[in-house]
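In: no FASTA, just this:
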């Protein structure tokens with residue numbers, strides 16, 4: 001998709017602090033971290049968000065979740081715990097319309113979801 005920030009990052013047109021990459025997934029540090037560990041995990045193929053999952057290949061979706069587990073282990077939060085979040089739509093404050101998951105951890109997270 002043209003003008004997609006994350007597509008530009010995946011293509012290397014926009015700099016990022018990459019922490020993981022494989023055939024289907026690219027992950028990089030969030031520029032405005034909400035915790036000591038805050039990594040964005042995105043599929044390389046453009047999907048606008050969770051509502052586009054019917055158009056996604058099951059292999060892509062599995063790769064995203066497997067990557068999350070590997071990244072959590074590499075970042076040292078697998079055992080202590082982490083949160084995996086995907087915002088979908090305007091009421092959820094989705095700011096980039098490319099499916100992505102926030103992997104957040106490295107400190108005690110609040111049990112509040114607002």
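Out: That came in fine, so what should we check first? In this text, all values refer to a predicted model and were calculated from it rather than measured experimentally.
In: when you work out contacts or count neighbours from here on, use the C-alpha atoms and nothing else.
Out: Noted.
In: what helix or strand is residue 41 on?
Out: strand 37-43 (DSSP states H and E).
In: what comes up buried for the very next helix or strand once past that strand?
Out: Per DSSP H and E, the first helix or strand lying C-terminal to strand 37-43 is helix 58-74. Buried residues in helix 58-74, counted by 16 or more other CA atoms under 10 Å: 60, 63-64, 67-69, 71-72.
In: what packs against helix 58-74?
Out: Judged by 3 or more CA pairs under 8 Å, 6 or more residues apart in numbering; DSSP states H and E, the packing partners of helix 58-74 are strand 18-21, strand 25-29, strand 37-43.
In: tell me the mean pLDDT over that helix?
Out: For helix 58-74, the mean per-residue pLDDT is 97.
In: now do that helix and strand 37-43, the angle between them.
Out: Comparing the axes of helix 58-74 and strand 37-43 via axes from the mean of the first three to the mean of the last three CA atoms, to 10 degrees yields an angle of 160 degrees.
In: touching helix 58-74 from outside, list them.
Out: By CA atoms under 8 Å, 6 or more residues apart in numbering, the surrounding residues in contact with helix 58-74 are 19-20, 24-25, 41-43, 78-79, 82, 84, 103.
In: before we move on, the earlier item: CSV please, covering the buried residues of helix 58-74 and showing distance to residue 91.
Out: CSV is the format used below for these (distance: CA to CA, whole Å):
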residue, distance to residue 91
60, 26
63, 27
64, 24
67, 27
68, 25
69, 28
71, 28
72, 28
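In: I'd like the distance between the spatially most central residue of the chain and residue 4.
Out: A centroid search over the chain (CA atoms, centre = their mean) returns residue 41, at 2.4 Å, as the residue closest to the centre. Residue 41 is 15 Å from residue 4, where distance means CA to CA, to the nearest Å.
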